[in-house]
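Peer 1: Just to be clear, the model below is a prediction. Sequence and coordinates:
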Amino acid sequence: MVISVIGIGLIGGSMAISLKENGFAERIIGVDVSQENLDKAVRRRLIDDDASLDDAIAQSDILILSTPVDAMKKLLPEILSKLDKQVVLDVGSTKQELNAIVEHHPNRGRFVATHPMAGTEYSGPEAAIPDLFNGKCTVIVDEHLSDADALEKVRDLYTSMDCSITYMDAQSHDIHTAYVSHISHISSFALALTVLEKESNEKRIFELAGSGFGSTVRLAKSSPDMWVPIFRQNRDNVLDVLDEHINQLARFRSLLIKKDYDRFYELIEKSNSIRKIIDKQ
Ligand code: NAP
């Protein structure tokens, strides 16, 4: 199988490593706006060689679209228009806008919309790591709109990386990712800004940052190039969950002002029930 990765960063590069290592791909071609990223990807052996988008389409069995989600809106219709029997899948974090753009495309069936629930806070080809998807879950979105053979190839691709698969429609996907993943990022960005605003002494931040602060603020290292397009595309769902988050912060604030530590205790205890859900995995 010849696979092209369009956008050879953290996700595309990590997929390239896994698919080459497990033998699913015989050859990996890289396509990217940045020649520097392509050169790094060749040096790190993430890809065998780089090519133009047209050459990659002509030579590939499967194309993986792994650019930021705004770039996908232009690239996906262009790729679909040039496809014959090849399959294209995306790995984007939002689904409704992209799926709507290609809804009536004559080659819509060759596209499979996916979102692997794996990642780190780092970007670019240098951030790509082996086994990123191992034991993780991927969401396949609106699978009934994809051709049966295209769907089967994409399922095989994820299964080869030891990923489990779940299915959702595009609207549910965007709501659930806003509630769990997108709010976590905003919360972490806001926490980093809070600490930077209140504590001007960088040495003190470094000295006092225990593992709690490090793990809570980890996501604030994530790139705005990737996240602003996600918030733009999922604005309404993110606003909905952000309102709830602000309510929760306001509750803690109000209890502290009232010195109602019994109720404060109860809220923390209630929040601890997240452990039962997370630790079940
Ligand atoms: P990344 O590390 O920044 O990689 C994206 C790559 O795409 C970069 O090399 C970028 O080049 C390149 N690119 C940008 N515009 C392009 C275009 N028009 N044509 C070709 N290449 C282009 O980002 P990532 O974290 O891998 O994310 C990629 C996708 O995966 C996003 O859609 C994201 O929503 C999704 N995703 C991310 C995570 C996560 O945790 N990071 C998890 C699941 C899914 P430049 O650096 O020069 O811009």
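Peer 2: Yep, it's here. Note that the structure is predicted; figures quoted are calculated from it, not measured.
Peer 1: Pretty sure Met117 sits against Leu132.
Peer 2: No - contact between Met117 and Leu132 fails when scored by CB atoms under 8 Å: they sit 10.8 Å apart. In short, each C-beta sits where N, CA and C put it, glycine included.
Peer 1: between those two, who's got more neighbours?
Peer 2: Leu132 (21 against 16; other CB atoms under 10 Å).
Peer 1: Can you tell me how far the more buried one is from Val87?
Peer 2: 21 Å (CB to CB, to the nearest Å).
Peer 1: Could I get the contacting residues of Gly7?
Peer 2: Listed by CB atoms under 8 Å, 6 or more residues apart in numbering, the contact set of Gly7 reads Val31, Asp32, Leu65, Ser66, Thr67, Pro68, Ala71.
Peer 1: Go through these and flag which are in helices.
Peer 2: Ala71 (DSSP state H).
Peer 1: For ChimeraX, what selects the buried ones among the contacts of Gly7?
Peer 2: Listed next is the ChimeraX selection for buried residues among the contacts of Gly7, using 16 or more other CB atoms under 10 Å:
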select :31,32,65,66,67,68,71
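Peer 1: from the contacts of Gly7, which are also near the ligand?
Peer 2: Val31, Asp32, Ser66, Thr67, Pro68, Ala71 (CB under 6 Å from any ligand atom).
Peer 1: so can I have JSON lines of the residues you listed showing distance to Val2 and pLDDT?
Peer 2: Converted to JSON lines, these look like this (distance: CB to CB, whole Å; pLDDT from 0 to 100):
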{"residue": "Val31", "distance to Val2": "13", "pLDDT": "98"}
{"residue": "Asp32", "distance to Val2": "17", "pLDDT": "98"}
{"residue": "Ser66", "distance to Val2": "16", "pLDDT": "98"}
{"residue": "Thr67", "distance to Val2": "20", "pLDDT": "98"}
{"residue": "Pro68", "distance to Val2": "25", "pLDDT": "97"}
{"residue": "Ala71", "distance to Val2": "22", "pLDDT": "98"}
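Peer 1: Would you check which pair of those lies furthest apart?
Peer 2: Greatest spatial distance in those: Val31 and Pro68, 14.3 Å, computed using CB to CB.
Peer 1: Would it be right to say that Val112 lies in a strand?
Peer 2: Yes - assigned with DSSP: H, G, I helix; E, B strand; the rest coil, Val112 falls within a strand.
Peer 1: For it, give me its contacts.
Peer 2: Val87, Val88, Leu89, Ile140, Glu143, Ser146, Ala150, Leu151, Val154.
Peer 1: what residues are up against Ser81?
Peer 2: Contacts of Ser81 (CB under 8 Å, 6+ apart): His105, Asn107.
Peer 1: Quickly find the element holding it.
Peer 2: In the assignment (DSSP states H and E), Ser81 maps to helix 69-82.
Peer 1: ok, now Ile277?
Peer 2: Going by DSSP H and E, Ile277 is in helix 274-278.
Peer 1: distance between that helix and the chain's centre?
Peer 2: With CA atoms, centre = their mean, to the nearest Å as the basis, helix 274-278 stands 22 Å off its chain's centre.
Peer 1: swap in stretch 19-31?
Peer 2: Using CA atoms, centre = their mean, the offset of stretch 19-31 from its chain centre is 20 Å.
Peer 1: hey, C-alpha coordinates of stretch 75-92 in CSV?
Peer 2: The C-alpha coordinates for stretch 75-92 follow below in CSV (Å, rounded to 0.1, in the frame of the first residue of the first chain):
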residue,chain,number,x,y,z
LEU,A,75,-7.8,20.7,0.3
LEU,A,76,-10.5,18.0,0.7
PRO,A,77,-12.7,19.1,-2.3
GLU,A,78,-9.6,19.6,-4.4
ILE,A,79,-8.3,16.1,-3.6
LEU,A,80,-11.8,14.5,-4.1
SER,A,81,-12.0,16.0,-7.5
LYS,A,82,-8.8,14.4,-8.6
LEU,A,83,-9.4,10.9,-7.1
ASP,A,84,-10.1,7.8,-9.0
LYS,A,85,-10.3,4.7,-6.8
GLN,A,86,-8.1,6.0,-4.0
VAL,A,87,-9.4,6.7,-0.5
VAL,A,88,-8.9,9.9,1.4
LEU,A,89,-9.4,10.2,5.2
ASP,A,90,-9.0,13.2,7.5
VAL,A,91,-7.9,13.2,11.1
GLY,A,92,-9.4,16.6,12.0
